[in-house]
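> Attaching a predicted model along with its sequence, questions to come.
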Amino acid sequence: MKFLIAFGVIALMVGGFLFVKGPSPAIIIAPEHIFDIGPLVVTNTMFTSWCVVAILCTVAVIAGSSMSVVPHGFSGAVEAVVSGFYGIIVGVAGEANGRRFFWVIATIFFYVLASNYFGLLPMNNVFGRVEVGHGDKQVIFKEATIAGMKVAYIPINPEECEGAACPSYRAPVDGRGAAPAKAGETTMAAAKPAEHAEPIQYSGLISPAFRSVNTDVNAPLAIAIFSFIFVEYWGLTALGPSYLKKFFNFGALMRGKPMGIIDVFVGLLEFVSELSRMVSFTFRLFGNIFAGEVLLMMMSFLVPFVLVDIFFGLELFVGLVQAFVFAMLTLVFAQTAVSHHGGDDHGEAHGEGHH
């Protein structure tokens, strides 16, 4: 039995490698434009983020509407997850600070986690708007009519072309075929294929409608700025103006002590370190999720069956870890900010009172 399973797995891998080839993956860092809402240019990562937020809101509404004294069913499962995460936050920050931090930390964790997992759904990077004539290496699309709608699709083992050799549009109108159009031209309306002509074909790339949110560097950057603002806000509200002394400590220097220059220099380093957190937060999340997307695309292209499932499992783990790390680092920095002690007695007493 084990031999048959192993043989079947190997057969699927070899068969997928030899006979089920998709187009070569196009690795594009920038998010692709898919449609406009008035003057607003909507990219695929932006549209995906709206879908993620809509899903989270729907889950919250459904779970909240069926809450009961004795948790059960779907609402009970949601409550268990949220309560467990709340327990982690309280364990690190204490009851008072935990309740204060929870709504921000939980929002970051569940949004990043949902975005990462939504990006693993099979509909990502699969369908969207065809950009005719775009890209150095393009794939030949075919066009079919389904339910009265014209749909472009990529066949199994598609043709590919590069550079100037790529026709942006090709519509056979007789047995010999028609000349390809120049790049950027659209002549679909004028095409009248003969009864036995080949399907309409054109080359280009696809701008997928759905793409993992955190593969757009703007999304992790926005969350990192959001985290930074709240950490500084909590520090200021907890310790008052004395919180700023860790950045701008001129007390000793103004009292005529030359060694006070060290305090100024340390404060400057602390300020730069505080700002650099946004950079490290951004590129840690972006780098891991973008690299995971590229890995899945390449493995799906090279070995379509079986082996790619292992990497999907790996990305499930990475998506959870990245969401947890982002949230926990924000929590640790927030706890550090509110428990910081100033350099004088008043600052220490003020910090201890809040702690």
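Okay, I see it. Residues are numbered from 1 along each chain as shown.
> Nearest residue to F333 in space, ignoring adjacent ones along the chain?
In space, and not counting its chain neighbours, F333 is closest to V231: 4.9 Å by C-beta to C-beta, 6 or more residues apart in numbering. Every C-beta, even on glycine, is put in place using the N, C-alpha and C of the backbone.
> Show the contacting residues for the one you found.
T330, F333, A334, A337 (C-beta atoms under 8 Å, 6 or more residues apart in numbering).
> tell me, what residue is most central in this protein?
N214 (1.7 Å; C-alpha atoms, centre = their mean).
> Which helix or strand contains the spatially closest residue to that one that is not a sequence neighbour?
Leaving aside its sequence neighbours, N214 sits nearest to I289 (C-beta to C-beta, 6+ apart; 4.1 Å). Assigned by DSSP states H and E, I289 falls within helix 260-302.
> helices or strands next to the helix or strand following that helix in the packing?
Later in the chain than helix 260-302, the nearest helix or strand by DSSP H and E is helix 307-338. Counting contacts by 3 or more C-beta pairs under 8 Å, 6 or more residues apart in numbering; DSSP states H and E, helix 307-338 packs against helix 73-118, helix 218-239, helix 260-302.
> Can you give the distance from the shortest one to the centre of its chain?
The gap between where helix 218-239 is centred and where its chain is centred comes out at 19 Å by C-alpha atoms, centre = their mean, to the nearest Å.
> Can you list the buried residues in the longest strand along the chain?
What stands out as the longest strand in the chain, according to DSSP state E, is strand 137-146. Residues of strand 137-146 classed as buried by neighbour count (16 or more other C-beta atoms under 10 Å): Q138, V139, I140, F141, K142, E143.
> which one of those residues is nearest Q322?
Nearest to Q322 out of the buried residues of strand 137-146 is V139 (C-beta to C-beta; 31.3 Å).
> Return the distance of that closest one relative to I55.
In this view, V139 and I55 are 31 Å apart by C-beta to C-beta, to the nearest Å.
> Where do the domain boundaries of the protein fall?
85-122+213-354, 128-208 (automatic domain parsing).
> mind checking which of the ones you listed is nearest G38?
domain 128-208 (18.2 Å).
> Pull up the distance across the closest one, start to finish.
Start-to-end span of domain 128-208 (C-alpha to C-alpha, to the nearest Å) is 4 Å.
> model confidence over that domain, on average?
Averaged over domain 128-208, pLDDT sits at 60.
> same check, this time on stretch 97-112
For stretch 97-112, the per-residue pLDDT averages 95.
> For that stretch, list every residue counted as buried.
So for stretch 97-112, counting by 16+ other C-beta under 10 Å, buried means 97-98, 100-102, 104-106, 108-112.
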